[in-house]
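*Asks:* what's the 3D shape of this:
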Amino acid sequence: MSTKVADHVLQRLREWGVDHVFGYPGDGINGLLAAWGRAENEPRFIQSRHEEMSAFQAVGYAKFSGRLGVCAATSGPGAIHLLNGLYDAKLDHVPVLAIVGQTHRSAMGGSYQQEVDLHTLFKDVASDFVETVTVPEQLPNVLDRAIRTAYARRAPTAVIIPGDVQELDYAPPTHEFKMVPSSLDRSSWTAVPSDESVRRAAEILNSGDKVAILAGQGASGARDEVERIAELLGAGVAKALLGKDVLSDELPYVTGAIGLLGTRPSYELMRDCDTLLTIGSSFPYTQFLPEFGKARGVQIDIDPHMVGMRYPYEVNLVGDARATLQRLIPLIESEERGREWYDTVCDNVVRWREVMERRAHLSADPINPEYVARALDPLLPADAIVSSDSGSAANWYARHLTMRPGMRASLSGTLATMGCGVPYAIGAKFAHPDRPAIALVGDGAMQMNGLAELITAAKYKDLWEDPRLVVGVFNNHDLNQVTWEMRAMEGAPSFLPSQEIPDVQYAAFARSLGLTGIRVEKPEDVESGWRAGLEADGPAVVEFLTDPAVPPIPPHATWEQMEATAASILKGDADRGSMVRQGFKAKVQEFLPGREKRRD
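*Replies:* Numbering: from 1, shown residues only. This next block holds a predicted model:
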């Protein structure tokens, strides 16, 4: 039997080391589906409930494996459904390949059923590479280049294959005019800055007395080097949310997350420093970085397109974080650097941990969501992979979960899209079937995507060596993050027709699928609920009834801002009394005496 184009697509993916493709069937990829049957499902086709979930699963797979994530969909509606997940990959710089069907070549341009201009559709999201295969000889170069580009640019790419092309006999490119050959090899490479720019960066860092480091996901391959330069500089290290697992939160100088979802010591670190070193982060919120003109700055980033645009850095080192730091570290002088700044940073971290402990144990109706995350923290397995959805759950993920060596964690950092938490965790399970995955998800995101993807988890659980996938649902009947943004930013009370959502029995739905489902209604049952989920012999949903009145207070919030928010609530918010009480209780924890004397 002859080899079809579709057969060669799967063969080439296998040769590139692709072992999973996340997709949903449709007649636009019937040729590929038939080839999968002939190939005995290698690479394995992972069927989601929706193409958007396939893209998210590919993103989660790529984030947690460091390998290419691949998703597949039919033409027209299937291709359109991929977009949100692919944009998540684009904005978070993740290598993902989308393989998409198209109507037959003979029908293109004829307003045929499900015909969409896919080049135009994907031109932005797959701006680094999108191409349509129209003849068999074109296939190897297009597919290889799409994969190499996805890896090199850390971006989504797209290959479009019309249905009739999938079923053509495959013929490789020949040694002729206007034929384009191809090759599989993707040799590793490392970008490094010039010696002169490294020396200039060292001079700036050596001149600083109060050094702050901001680490993002681009520093993930340089854990030892980031620790070493932080210790030499006596620096505090704040982490962008995508860099949450770059360094252990057990290090005394690691201040945790930065930004609206960040910590008070990270805010103080940036407010008071005189020198900033940013490693592998394009954190966009300049108001959380030092005041312009107050601190000198050095940036390290592998992408020249992303340097120098978040802060007026004096030196932008374009290069791999690990290789660049290895050249920079020998030039750092530590002998004359005092300990006062380092001690202040560490003291601020200790005090903040006490504040968060007190906040988590404040009473709420019925359960304080901060306590839900706080109770999980010491129970996390040493090899846990944690995903967070967008929404107020991300606040508690950012502030209460302690990353320890070996743990992995991520979320939709730049697109901040809802609905990624559960499919991320499923992608993580295929990347690391021997590790437990935990997803923290709000009830809005769970209704949007999570419930359906529990079906996917149930379908594939027997393939995972460690079958644990624990979904923690914060059930508060409210689209909580937007509700609080309306109050704090718009000065408006909650608009119930848009914010209030139905009460769904998430744990009961999980049980209907044969999974473990636990509903926690009282604070005293929170810890045992998490333990039961983590001890289950398969996927589990642990549903917590949480109080929507607990505010996700930004780390820089002042009493005046709290009063302004309270005033907007009192204009007519349906739950105004409890929200004012909870906000006051949470904020006052920062001013209670701790073990360390407060420094202002």
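*Asks:* Can you report how many residues neighbour residue 439?
*Replies:* Residue 439 has 32 neighbours, counted by other CB atoms under 10 Å. (Each C-beta comes from the backbone N, C-alpha and C, glycine too.)
*Asks:* and it, what pLDDT?
*Replies:* On pLDDT, residue 439 comes in at 98.
*Asks:* How about residue 580?
*Replies:* 45.
*Asks:* Could you do residue 345 as well?
*Replies:* 98.
*Asks:* Please, which helix or strand holds it?
*Replies:* Counting by DSSP states H and E, the element that carries residue 345 is helix 340-360.
*Asks:* any idea which helix or strand comes after that helix?
*Replies:* helix 369-376.
*Asks:* Mind listing the residues bridging to the residue most central in space within the chain?
*Replies:* By CA atoms, centre = their mean, the mean C-alpha position of the chain lies nearest to residue 411, the distance being 2.5 Å. Beta-bridge pairing of residue 411 under DSSP bridges involves residue 388.
*Asks:* What is the distance between the helix holding residue 345 and the centre of its chain?
*Replies:* 26 Å (CA atoms, centre = their mean, to the nearest Å).
*Asks:* Can you name every helix or strand that it contacts?
*Replies:* Helix 340-360 is packed against strand 236-239, strand 254-257, helix 264-272, helix 369-376, helix 392-400, with contacts defined by 3 or more CB pairs under 8 Å, 6 or more residues apart in numbering; DSSP states H and E.
*Asks:* Same list (the ones you listed) but as TSV, adding mean pLDDT and mean neighbour count.
*Replies:* Output for the helices and strands packed on helix 340-360, formatted as TSV (pLDDT from 0 to 100; neighbours: other CB atoms under 10 Å):
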stretch	mean pLDDT	mean neighbour count
strand 236-239	98	30
strand 254-257	98	27
helix 264-272	97	24
helix 369-376	98	25
helix 392-400	96	26
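*Asks:* Please convert the ones you listed to a markdown table, extending it with distance to residue 471.
*Replies:* Below are those laid out as a markdown table (distance: least, CB to CB, whole Å):
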| stretch | distance to residue 471 |
| --- | --- |
| strand 236-239 | 25 |
| strand 254-257 | 22 |
| helix 264-272 | 28 |
| helix 369-376 | 12 |
| helix 392-400 | 11 |
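*Asks:* Ok, which of these comes nearest residue 542?
*Replies:* Judged by CB to CB, the one of those that comes nearest to residue 542 is helix 369-376, at 9.0 Å.
*Asks:* Okay, angle between that closest one and helix 340-360 too, please.
*Replies:* 110 degrees (axes from the mean of the first three to the mean of the last three CA atoms, to 10 degrees).
*Asks:* how many other residues sit next to the residue lying closest to residue 76 once chain neighbours are set aside?
*Replies:* Excluding its sequence neighbours, the residue lying closest to residue 76 (CB to CB, 6 or more residues apart in numbering) is residue 114, at 3.2 Å. Residue 114 sits with 17 neighbouring residues when counted by other CB under 10 Å.
*Asks:* Give me the sheet partners of the host helix or strand of residue 518 and which way each runs.
*Replies:* Residue 518 belongs to strand 516-520 when assigned by DSSP H and E. Its sheet considered, strand 516-520 pairs with strand 540-545 (parallel) by DSSP bridges.
*Asks:* picking up where we left off before, tell me who's in contact with the residue nearest to residue 76.
*Replies:* 28, 74, 75, 76, 77, 103 (CB atoms under 8 Å, 6 or more residues apart in numbering).
*Asks:* Specify the local secondary structure of it.
*Replies:* At residue 114 the chain is in coil, as set by DSSP: H, G, I helix; E, B strand; the rest coil.
*Asks:* From residue 396, how far off is it?
*Replies:* 42 Å (CB to CB, to the nearest Å).
*Asks:* got it, and residue 313?
*Replies:* When residue 313 is compared with residue 396 (using CB to CB), they lie 32 Å apart.
*Asks:* Ok, residue 457 next?
*Replies:* From residue 457 to residue 396 the distance is 23 Å (CB to CB).
*Asks:* same deal with residue 306?
*Replies:* When residue 306 is compared with residue 396 (using CB to CB), they lie 29 Å apart.
*Asks:* How about the backbone phi and psi for the nearest residue to residue 139 once chain neighbours are set aside?
*Replies:* Distances taken as CB to CB, 6+ apart place residue 133 nearest to residue 139, at 5.2 Å, with adjacent residues excluded. As for residue 133, its main-chain torsions (degrees, to the nearest 10) stand at phi -90, psi 120.
*Asks:* Let the chain start at 36 from now.
*Replies:* Got it, the first residue is 36 from now on, which makes the last one we talked about residue 168.
*Asks:* dump the residue contacts of residue 168.
*Replies:* Contacts of residue 168 by CB under 8 Å, 6+ apart are 40, 174, 177, 178, 194, 195, 196, 197, 200.
*Asks:* Just those: which are in strands?
*Replies:* 194, 195, 196, 197 (DSSP state E).
*Asks:* nearest to residue 375, of these?
*Replies:* For the ones in strands among the contacts of residue 168, the nearest to residue 375 is residue 194 (56.9 Å; CB to CB).
*Asks:* just checking, the closest one touches residue 133?
*Replies:* Yes. Assessed by CB atoms under 8 Å, residue 194 is found in contact with residue 133 at 7.3 Å.
*Asks:* Between the two, which contacts overlap?
*Replies:* Common neighbours of residue 194 and residue 133 (CB under 8 Å, 6+ apart) do not exist.
*Asks:* Quick check: the farthest pair among the contacts of residue 149?
*Replies:* 112 and 138 (12.3 Å).
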